[in-house]
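K.L.:
sequence first, predicted model second:
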Amino acid sequence: MQSNSILTLQNLSKTYTSGSSELTVLKDVTLTIHEGETCAVVGPSGSGKTTLLGLCAGLDRPSEGGVQLCGVDLNGLSEDETASLRNQHVGFVFQSFQLIPTLTAIENIMVPAELRGERGVASRARSLLEAVGLLDRATHYPSQLSGGEQQRVGIARAFINKPRILFADEPTGNLDAETGETIESLLFELNQKEGTTLVLVTHDLELAQKTSRIIQLKAGKVVSDDISSRFAIPDPGVQVSR
Amino acid sequence: MSNLLWILKMAVRDSRGSRGKLLLFVSSMVLGVAALVAISSFGENLKRAVDDEALTLLGADLSIENGDPFPERVDVLIDSIGGEQSYRVSFASMVFFPSNGGTRLSTVRALEGNYPYYGAVETMPPEAAGTYQQSGGALIETSLLKQFDLSVGDSVKVGVVTYRIDGEIVKTPRETSAMGMLSPRVFIPYEGLDTQLLSRGSRARYEMFFKFEEGRDVDALVEDIEPVLRAEKVGFDTISERQEDWNEGLTNLYRFLNMVGFIALLLGGVGIASAVHVYIKQRIETVAILRCLGARSGPTFGVYLTQASVMGLIAALVGSGLGIGIQFLIPQLLADFLPVRVDIEIMWMPVLAGLSTGLGVSLLFALLPLLAVKNTSPLLTLRKSVDTTTVVPSRWRYVIYVVLVAAVFGFAILQAPVWWLGLAYGGAIFIVFGLLALVAKGITVFSRTFFPSSWPYPWRQGFSNLYRPNNQTVILMLSLGLGTFLIVTMFLVQQILLKQIEIAGGEGRPNLVFFDIQPGQLDDLSTSVSDQGLPLLEKVPLIAMRITKVNGRTLEEIRQDSTRDEYTWAHGREYQSTYRGELTDSETLVAGEFVGYYESGSSLVPVSIEEDVADELGVGVGDSLEWNVQGLPVSTLITSIRKVDWQRVQTNFFFVFPEGVLEQAPQFFVLLTRAEDEDQSARMQSSVVSRFPNISAIDLSLVLNVFDAIYSRISFVLRFMALFSIITGVIVLISAVSVSRYQRVGESVLLKTLGASRQQIIKIQFVEYLFLGLLAALTGVLLSVICAWLMALFVFESPFYLSGITLLIAVLAVSALTIAVGMFNSRGIYNRPTLEVLRAA
């Protein structure tokens, strides 16, 4: 099992200092996520979900402990090296979509691939747009798209680099129930198709139930780590196609 | 390579929808670049014109000149030099216009020969320049014609000789028209000149001009004749020396203008820094997304640096184009101060220099706010509360500060005639910018601390905008405050100087001076003055003399002593000294004892010296000076040092001799009186000039008029240059208002949603711009008052005078301008649909 872990957290803590007072948001979190696993991080507001996600993806530095992402110890990397690692292996879906307002839908999708210096990525971006049902909106700007459409573009962007791991922060949090459901389906469908590891932060238990593992946080601590039966954990021996 | 491509692609994509805004940001650079390009190009053109017209700067191949008729040795030398020669005598004299009785102190130039040999005296009618010598007529300055309502054909009397005015002088080689403002010129033929006007002791300049056959080596000739001229203290001038002098003077002039223009560039830079700061704040989410998606900080920074560079380049290009256009105006602007006609051609080197300076300054000022991009955390995509933009890596920040300071000082030092002046100028720029920024900071702290809680809501809301996040207090304080400061300082200095002259001639003080009075004329003149009911306030003898030895060492020995470098202007000049028995009320004894009477037979003659000249000569009480008093040696001992108040309209002297020594020396007198009005003064002058043609008069109103005319021309040039800063300030103001518009739209819509009326929202904006304009104007005015006060105290050493009206007008005008620009740019904010704005937020 150890050899297939894609994300390992070792005694992870995060403390914020404000003046003379300190606030510990995460306390001594240790866990491992394996390649191909779908995992939901749940917990009430302020429990440290988003902080955990930021640390896992190398967006922030832990106060104590370490993070191994795709076999690389993030503590030993500079900001730019962490960014390169993200570009190579990580996809993101955000609650507030985080599309670049000055780029069209297709240009937003192409950004991660273009950052790698890849050429001719437009056709792949178009396939992804087609996969999320927005081919006819390729040249639209985010402000010309509805929330659901923006999130679909966000999902397409997340998969352009065929990431090994996908982090999703409340992906349906800003959407109505119906649109949310469509997005959920799309996310899981693409995830399954690409064989990507999925780490999902949500307070929506229904959404969490759709993953194979639910990690529950409370006051910065992991209070439960439950492998559900809804989705089977893929055979570690099976190599995800890339 | 792939990085570069991505940077360029992203820079273009990211600029969509903001290109207009970006252009507005950098537009504040346009006028600064335009000023630099215009002035530098003009400078190059001027240099070319001086080189091209070098011959006309002197009008001859060689000139020899002296304050007295040439000594015999020099006369012999002149005869031996050969070539074509012209003789000219110039002197100050009253001229009289019989047609209306008008009189005016003028510079009379009596010429014999065909000078100028290069260039021509331009007259109206044109042929007058070539005929007045033969016809025995006169050419006079246009200003004289206008002042006395004369026309060609009328008469002018110089001394006892009356001349027909053959033409008016339009332009003469070698002289600028500003010279004519000081003392209008009258050209007459030397033949027939009333030589009584040139009696011993009067102030005249004798010149001999030479034109040589082609191929004659003037430098070699000068080398040959120089020892004799030097020994006889006779001056000379060649084309190359004249060219060098003008080049140096004019280079200093355009460098000075360049420094004034540089302020506009710096102000534009501050505008860019402020605008880019706001722009990057708006872009920070995009930066965070890019970082999150794996963009490294370098390329991300590169995207925005590219945008800033392109916009800086566009601004520099537009500024250069504008500068090329503006340079055509400058010859007209400086026409009074130029010795040559400057034809403008486009000079590419200054344009390139302006382009690169503009681009460099744009980038330098944009870099500080751009550093926020390097430091933006990708975590911002998850949490909006993460504020990473304020934590800029200190290393880079300091590097930019150092480069910025070095660039400002470097530019100032390069432009200044001496390094320390550049250093002082650079320092002054930082002090003014620093003070304005400090006051702005103080205002934000003060307005927060002493918030007027009892004011009505719109006033409170508008007032609080002075210190709220994203406030515009500092940037507006800099742009408007600096503009106000520059303009008001110029007005205040002008008023201080004018007031100084007015005070000098205040109640009971002399305001009319007669000079060049021969001893035999003194009693008659005194009677004439008294008869007209004017008081005789002072009658002072003047004796011309030169120093020959200081403490036993000859001037030549002092000049050649390179180890001590003591020789100054005070050693070689001619002194007009007087003798009297006591100190006057404008003198204070600072050392020694004033001796008022000399007992003949005692050893050295005791003299009193003015303190500044004592410093220049390096002498004190107990030191000896030997004089040449018009051929006679006089040995003196310094027995006292005086401090002299030079501001008074009265005779003041560097050296005062005791009674009993100089009474028999050739001398002339000065008589001071007071006329109660201009008519009385004109009547008195007219009567004196008709009776005593050699006596000249000058009255205070003339001094005031001359000063006013000259200062107005100078201040017009300075105001023109300051205009670049003022307009830049307005552009920065427009830019600052525009960039904050997005924030204001959000606020206004929220207020509207909560029930605010259109009137309330407009009132809030009005109050904010009222305070910003008012405070910026007050700060600028305050700084200008301090600056003018310091200048009055240390530079002009005159009483400080403040015109409340000037200050009030400045404050009202700047406040009104701020409100107008602010309200104009905020128009339509209330009309934005609520939902559209709320959704966008």
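P.N.:
Good, I have the coordinates. Residues are numbered from 1 along each chain as shown, chains lettered A, B, ... in the order given.

K.L.:
quick one: contacts for B:T806?
P.N.:
B:V488, B:F491, B:L492, B:Q495 (C-beta atoms under 8 Å, 6 or more residues apart in numbering or on different chains). C-beta here means a position set from N, CA and C on the backbone, and glycine is covered the same way.

K.L.:
if I look at it, how far off is B:Q495?
P.N.:
7 Å (C-beta to C-beta, to the nearest Å).

K.L.:
what's the ChimeraX line that selects buried ones from the contacts of B:T806?
P.N.:
Applying 16 or more other C-beta atoms under 10 Å in any protein chain shown to the contacts of B:T806, the buried members can be selected in ChimeraX as follows:
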select /B:488,491,492
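
K.L.:
nearest residue to whatever residue of the stretch 251-400 of chain B ends up closest to chain A other than its sequence neighbours?
P.N.:
Closest contact between the stretch 251-400 of chain B and chain A, by C-beta to the nearest C-beta, is at B:G294 (2.3 Å). Nearest residue to B:G294, sequence neighbours excluded (C-beta to C-beta, 6 or more residues apart in numbering or on different chains): A:N87, at 2.3 Å.

K.L.:
using the three-state scheme, assign the one you found.
P.N.:
helix (DSSP: H, G, I helix; E, B strand; the rest coil).

K.L.:
tell me which element the residue nearest the centre of chain A is part of?
P.N.:
Central residue of chain A (C-alpha atoms, centre = their mean): A:F167, 0.7 Å from the mean position. Using DSSP states H and E, A:F167 sits in strand A:165-169.

K.L.:
what helices and strands are in contact with that strand?
P.N.:
helix A:49-56, strand A:90-93, helix A:147-159, strand A:197-201 (3 or more C-beta pairs under 8 Å, 6 or more residues apart in numbering or on different chains; DSSP states H and E).

K.L.:
tell me which of these lies nearest to chain B.
P.N.:
Taking the helices and strands packed on strand A:165-169 one by one with C-beta to the nearest C-beta, helix A:49-56 is closest: 5.1 Å.

K.L.:
can you name the residues in contact with the helix or strand following that closest one?
P.N.:
Where DSSP H and E defines the elements, the next helix or strand beyond helix A:49-56 is strand A:64-69. With contacts defined as C-beta under 8 Å, 6+ apart, strand A:64-69 is touched by A:5-13, A:15, A:28-30, A:55-58, A:73-75, A:85, A:89-90, A:165.

K.L.:
go again using 10 Å as the cut-off
P.N.:
A:5-15, A:24, A:26-30, A:32-33, A:52, A:55-58, A:60-61, A:73-77, A:82, A:85-86, A:89-90, A:164-165 (C-beta atoms under 10 Å, 6 or more residues apart in numbering or on different chains).

K.L.:
try stretch B:674-685
P.N.:
B:94, B:96, B:101-105, B:505, B:507-512, B:514, B:528-529, B:532-537, B:649, B:673, B:695-702.

K.L.:
please flag which of the residues you listed sit within helices.
P.N.:
Among the contacts of stretch B:674-685, the members found in helices (DSSP state H) are B:S528, B:V529, B:L700, B:S701, B:L702.

K.L.:
hang on, the third one packs against B:L672?
P.N.:
So that's B:L700. No: with contact defined as C-beta atoms under 10 Å, B:L700 does not reach B:L672; the gap is 11.0 Å.

K.L.:
which neighbours do those two share?
P.N.:
B:R509, B:P510, B:N511, B:L512, B:V513, B:V649.

K.L.:
what two of the contacts of B:T806 are the furthest from one another?
P.N.:
Farthest apart among those by C-beta to C-beta are B:V488 and B:Q495. That separation is 10.4 Å.

K.L.:
which residues do these two both contact?
P.N.:
B:A788, B:S803, B:T806.

K.L.:
thinking again about what came up before, quick check: the residue of the stretch 251-400 of chain B closest to chain A touching A:G117?
P.N.:
No: under the criterion of C-beta under 10 Å, B:G294 is not in contact with A:G117, lying 11.4 Å apart.

K.L.:
what about the two, which has more around it?
P.N.:
B:G294 (23 against 11; other C-beta atoms under 10 Å in any protein chain shown).

K.L.:
can you check my assumption that that one lies in a strand?
P.N.:
No: counting by three-state DSSP, B:G294 is located in no strand; its state is coil.

K.L.:
thinking again about what came up before, which one of the contacts of B:T806 is nearest to B:G137?
P.N.:
B:Q495 (42.4 Å).

K.L.:
per-residue confidence, that closest one, what does it come out as?
P.N.:
On the pLDDT scale, B:Q495 is placed at 80.

K.L.:
over to A:H34?
P.N.:
92.

K.L.:
that one and chain B, how far apart?
P.N.:
Distance, A:H34 to chain B, by C-beta to the nearest C-beta, to the nearest Å: 23 Å.

K.L.:
the most centrally placed residue in chain B: which element?
P.N.:
Centroid check for chain B by C-alpha atoms, centre = their mean gives B:I714 as the closest residue, at 6.1 Å. According to DSSP H and E, B:I714 maps onto helix B:700-739.

K.L.:
would you agree A:I6 falls within a strand?
P.N.:
Yes: with three-state DSSP as the criterion, A:I6 is part of a strand.
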